[in-house]
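Trainee: Pasting the sequence and the predicted coordinates here, then a few questions.
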Amino acid sequence: MIETNRLIIRELEFSDDKDLFEMDVDPEVHLFLGNSPVKALSEITAVINMLKKQYDENGIARWAVVDKSTNECIGWSGLKLFKERINNHENFYELGYRFKKKHWGKGFATESSEAILKYGFENLHVDKIFAYTDSKNLNSKKVLSKLGFENKGTFDCDGEFCDWFELEKSNFIAR
């Protein structure tokens, strides 16, 4: 578990299913994620099962982000170990985050990601963390830029254009 000023960041639990459903049923949340919102709570259960498997196999995956003041799971943020090849990279940690629309613009993506990046560099002992986002997702690109990621260019990801970002440990520490 990681704690920030406003957030608790922990492994996702099956009890988070309704909050995640509220987030992932929203078409605006999925605008830059292939426009495929979930349709049933069982889809969320399957995702949580997949994440629990990643926790077991890799020691890390996306984590629940909980607002301390309300105890609401407002979304997720975390590192994923990508073993498959993406944009000429494989076996790397990728930062990702997703939040309920009602919590956009409140700094939760930046706050949770700062703590997770620190965890990745200090506990996983990696020298570089990657991220990518749909090229049209300006808000996500702003968050990554605030966190110190460098935009390394555009690539084709499943027929869409995505921007590829990299953050070196030394640059994160120097901020």
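Mentor: Good, I have the coordinates.
Trainee: can you point me to the longest strand in this structure?
Mentor: strand 72-82 (DSSP state E).
Trainee: May I have that strand as CSV, with CA atoms only?
Mentor: Only the C-alpha atoms of strand 72-82 are listed here, as CSV (Å, rounded to 0.1, in the frame of the first residue of the first chain):
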residue,chain,number,x,y,z
GLU,A,72,-14.2,5.8,-2.8
CYS,A,73,-12.2,3.9,-5.4
ILE,A,74,-11.9,6.6,-7.9
GLY,A,75,-9.9,4.7,-10.5
TRP,A,76,-6.6,2.9,-11.0
SER,A,77,-3.0,3.7,-11.6
GLY,A,78,0.0,1.5,-11.7
LEU,A,79,2.8,-0.2,-13.5
LYS,A,80,2.3,-3.1,-15.9
LEU,A,81,5.1,-5.4,-16.9
PHE,A,82,4.9,-5.7,-20.7
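Trainee: what sits up against it?
Mentor: Outside strand 72-82, the residues within contact range by Cβ atoms under 8 Å, 6 or more residues apart in numbering are 9, 12, 16, 19-20, 23, 54, 58, 60-67, 89-100, 103, 108-109, 112-113, 116, 119-120, 124, 129-130. Glycine gets a C-beta too; all of them are placed from N, C-alpha and C.
Trainee: Now, of those, which are buried?
Mentor: By neighbour count, with 16 or more other Cβ atoms under 10 Å, those hold 9, 12, 16, 19-20, 23, 54, 60-67, 92-100, 103, 108-109, 112-113, 116, 119-120, 129-130 as buried.
Trainee: so where's this protein uncertain?
Mentor: Applying pLDDT under 70 to the chain picks out no residues at all.
Trainee: what's the longest helix in it?
Mentor: Criterion DSSP state H: the longest helix present in the chain is helix 41-58.
Trainee: The spatially most central residue of the chain in helix, strand or coil?
Mentor: Central residue of the chain (Cα atoms, centre = their mean): Gly96, 2.0 Å from the mean position. Under DSSP: H, G, I helix; E, B strand; the rest coil, Gly96 falls in the strand class.
Trainee: before we move on, what about Glu166?
Mentor: What three-state DSSP gives for Glu166 is strand.
Trainee: That one: neighbouring residues, count only.
Mentor: Residues lying near Glu166 (other Cβ atoms under 10 Å) number 17.
Trainee: hey, C-alpha coordinates of whichever strand or helix holds Asp17 in PDB?
Mentor: Counting by DSSP states H and E, the element that carries Asp17 is helix 17-24. Taking C-alpha atoms only, helix 17-24 is exported to PDB below (Å, rounded to 0.1, in the frame of the first residue of the first chain):
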ATOM      1  CA  ASP A  17     -16.000  -3.900  -8.900                       C
ATOM      2  CA  LYS A  18     -18.900  -1.500  -8.800                       C
ATOM      3  CA  ASP A  19     -16.600   1.600  -8.700                       C
ATOM      4  CA  LEU A  20     -14.600   0.200 -11.700                       C
ATOM      5  CA  PHE A  21     -17.800  -0.600 -13.500                       C
ATOM      6  CA  GLU A  22     -19.000   3.000 -13.000                       C
ATOM      7  CA  MET A  23     -15.700   4.200 -14.500                       C
ATOM      8  CA  ASP A  24     -15.500   1.700 -17.400                       C
END
